[in-house]
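Colleague: got a predicted model here, sequence first, then my questions.
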Amino acid sequence: MERATFSKYSWIDFAFSVVGVCTFLVDWGSDVWVATELYFRGDVVWFGVLVGLMVLSSVVVQTFSWFWFKYDRELPGFRNQTVGASVFFGDRVTLFCVLHVLQLGFLCRHISAIRQGFRVWWRKEEGSEYAVYLTHDLSMLRLIETFCESAPQLTLMIYVMLHTNKARTVQFVSIAASTTSIAWMVVDYHRSLRSFLPDKAKQGWCSSLIYFLWNLLLITPRVAALALFASALSGYMAAHFLMLWSVFALWAWRQGTNFMDSVGGEWLYRATVGLIWYFSWFNVAEGQTRSRSVIYHSFITTDGVILLTTWWCYRDPVQTESYALALLIALPLIYLLGLLFKALYYCCFHPKLWRPPVRDPGLPVDQPDADVSFRVFSIQDGDLSSQHLNRRLAGHAARFYSKKGFIRNSDPTNGAESPRL
């Protein structure tokens, strides 16, 4: 097997960690500001929805963070490598649990990643592998936080503006913060995926630009269509979400996802995937990637047409006269343009060269994923031990960069699939 060398921890990684925590704090600050404004204006329902989204997002993210902390502690030698690496908790389980109950675990992960990155990049200390590991976990947590809070909140704020036919400063701030959070998540997640590529398959920033554009052009009309539908038939919005979310969660189950290391964690992941799919496509399983993507986009396109048609029929003609026809034409065209950018990305910028590390020879074919040891697979200086490979993000990278949508063991003596996560 060819030895692959992956990106070293650099000042760019450190900068991404700093900007990430700044984005997180600004987003939460704008949320508190908007919630306060809604409460004092007497908009109790909207206040309740916004606070509900904030609480739901925080609980889901903290739960994932806690699960991953417990999983990581079981990795051989992991605790020895991370002693003193975390600024608040290290390996103290009780303290880490309390921080998560207080909804501070995600913030502490940010601070730990910045501290570890500073030690590695500025002071040239050891622990680069763990710094990379932390940034990959944060990338996944930001993805979850974005679609649990930022995307729904952006939909809510656009709905409020359409419903009241007014635009307040606080609403613009909230929309700007949510949009920035989504945009940053897209760039950061793609950069984390790129870190698993060998040097010969490294992508330039142009690929990230195309990746960002097709995600932006697909998510924007989706959010706008949902907000328009809610402005006309707000009472049916909850039913629409619950129906689609249930279908998406069941579809994730049918695909046999294997992301978490426990049954409860896996069902949480599937429920979260259902929420992500409500806004955007996210590949979660091996095999038939193209077919599932076509099915998803066909379904979302049909749903979008129904949402826009319903809004057009039940809208207030006088209040929406200035923008109704423009939106009705522009939103489908933007979505179509997003699909074209996605096709351009996969045709011209998407490398299909990445392969996960194979099993060590001599291991039993049916060995559980948790017991699989990886061959040398370098993220730093060509000498990274197996426990520092972030298998959570590595699995998503495998599915994203796989040529046929699935990864098979490249060892001809072993017919088993390589572990997904």
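Modeller: Great, that's in hand.
Colleague: check which helix or strand the closest residue to residue 256 other than its chain neighbours maps to.
Modeller: Distances taken as C-beta to C-beta, 6 or more residues apart in numbering put residue 285 closest to residue 256, at 6.1 Å, once the chain neighbours are dropped. (C-beta placed from N, C-alpha, C; glycine too.) Counting by DSSP states H and E, no helix or strand carries residue 285.
Colleague: residue 285: neighbour count?
Modeller: Counted with other C-beta atoms under 10 Å, residues neighbouring residue 285 total 21.
Colleague: show me the contacts for it.
Modeller: By C-beta atoms under 8 Å, 6 or more residues apart in numbering, the contact set of residue 285 is 252, 255-257, 292, 399.
Colleague: narrow those to just the buried residues.
Modeller: Taking 16 or more other C-beta atoms under 10 Å as the criterion, what is buried in these is 252, 255, 257, 292, 399.
Colleague: go ahead and confirm the fourth one touches residue 283.
Modeller: Yes. Under the contact definition of C-beta atoms under 8 Å, residue 292 touches residue 283, with a separation of 7.4 Å.
Colleague: right, and the helix or strand after the one helix or strand residue 141 maps to?
Modeller: Using DSSP H and E, the element containing residue 141 is helix 128-145. Downstream of helix 128-145, the next assigned helix or strand under DSSP H and E is helix 151-164.
Colleague: on contacts alone, who are the packing partners of that following helix?
Modeller: For helix 151-164, the elements it packs on are helix 44-73, helix 169-194, helix 205-232, judged by 3 or more C-beta pairs under 8 Å, 6 or more residues apart in numbering; DSSP states H and E.
Colleague: between those, which gets nearest to residue 9?
Modeller: Distance to residue 9, taken as C-beta to C-beta, is lowest for helix 169-194 among the helices and strands packed on helix 151-164, at 12.5 Å.
Colleague: quick one, that closest one and helix 205-232 angle?
Modeller: Orientation check (axes from the mean of the first three to the mean of the last three C-alpha atoms, to 10 degrees): helix 169-194 against helix 205-232 gives 140 degrees.
Colleague: chain center to helix 169-194, what's the gap?
Modeller: 11 Å (C-alpha atoms, centre = their mean, to the nearest Å).
Colleague: repeat for stretch 140-147
Modeller: Using C-alpha atoms, centre = their mean, the offset of stretch 140-147 from its chain centre is 4 Å.
Colleague: would you mind writing the CA trace of it as CSV?
Modeller: In CSV, the C-alpha atoms belonging to stretch 140-147 read as follows (Å, rounded to 0.1, in the frame of the first residue of the first chain):
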residue,chain,number,x,y,z
MET,A,140,-18.5,17.9,12.3
LEU,A,141,-20.1,19.6,15.4
ARG,A,142,-20.3,22.9,13.4
LEU,A,143,-22.1,21.1,10.6
ILE,A,144,-24.7,19.7,13.1
GLU,A,145,-25.1,23.0,14.9
THR,A,146,-25.6,24.9,11.6
PHE,A,147,-28.5,22.7,10.4
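Colleague: please begin residue numbering at 59 from this point
Modeller: Got it, first residue is 59 now, which makes that one stretch 198-205.
Colleague: show me what the mean pLDDT comes to for that stretch.
Modeller: Average pLDDT, stretch 198-205: 90.
Colleague: who touches that stretch?
Modeller: Stretch 198-205 is contacted by residues 78, 82, 115, 118-119, 122-123, 164, 167, 239-240, 242-243, 246-247, 250, 330, 333-334, 336-338, 450-451, 454 when judged by C-beta under 8 Å, 6+ apart.
Colleague: same check on stretch 350-361?
Modeller: Stretch 350-361 has contacts (C-beta under 8 Å, 6+ apart) with 280, 302, 313, 335, 339, 341, 343, 393, 397.
Colleague: list the contacts of the closest residue to residue 273 other than its chain neighbours.
Modeller: Excluding its sequence neighbours, the residue lying closest to residue 273 (C-beta to C-beta, 6+ apart) is residue 244, at 4.7 Å. By C-beta under 8 Å, 6+ apart, residue 244 lies in contact with 269-270, 273-274.
Colleague: quick test: name the residue nearest the centre of the protein.
Modeller: Residue closest to the mean C-alpha point of the chain, counted by C-alpha atoms, centre = their mean, is residue 201 at 2.2 Å.
Colleague: show me what counts as buried in stretch 343-354.
Modeller: 343-344, 347, 350, 354.
Colleague: picking that back up, okay, and which of the contacts of residue 343 map to strands?
Modeller: If you go by DSSP state E, the contacts of residue 343 have nothing in strands.
Colleague: dump those residues to TSV, plus distance to residue 364.
Modeller: As requested, the contacts of residue 343 are arranged in TSV below (distance: C-beta to C-beta, whole Å):
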residue	distance to residue 364
310	22
313	25
314	30
315	28
350	21
457	30
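Colleague: output those residues in CSV, with pLDDT and distance to residue 214 appended to each entry.
Modeller: Below are the contacts of residue 343 laid out as CSV (pLDDT from 0 to 100; distance: C-beta to C-beta, whole Å):
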residue, pLDDT, distance to residue 214
310, 93, 25
313, 89, 30
314, 87, 34
315, 87, 29
350, 89, 29
457, 68, 31
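Colleague: any idea which of the residues you listed is closest to residue 154?
Modeller: Nearest to residue 154, judged by C-beta to C-beta, of the contacts of residue 343 is residue 315 at 26.0 Å.
Colleague: OK, contacts around the residue nearest to the closest one when sequence neighbours are not counted?
Modeller: Distances taken as C-beta to C-beta, 6+ apart place residue 342 nearest to residue 315, at 5.2 Å, with adjacent residues excluded. Neighbouring residues of residue 342 by C-beta under 8 Å, 6+ apart: 310, 313, 315, 317, 331, 457.
Colleague: and residue 390, by the same measure?
Modeller: Contacts of residue 390 by C-beta under 8 Å, 6+ apart are 279, 362-363, 366.
Colleague: state the distance from the residue nearest to the centre of the chain to residue 182.
Modeller: Applying C-beta to C-beta, to the nearest Å, the value for residue 201 to residue 182 is 31 Å.
Colleague: likewise residue 251?
Modeller: Counting by C-beta to C-beta, the gap from residue 251 to residue 182 is 27 Å.
Colleague: which of the two has more neighbours?
Modeller: residue 251 (23 against 8).
Colleague: where in the stretch 259-408 of the chain is pLDDT low?
Modeller: 259-262, 408 (pLDDT under 70).
Colleague: recalculate using a threshold of 90.
Modeller: Applying pLDDT under 90 to the stretch 259-408 of the chain flags residues 259-274, 293, 313-320, 340-350, 380, 403-408.
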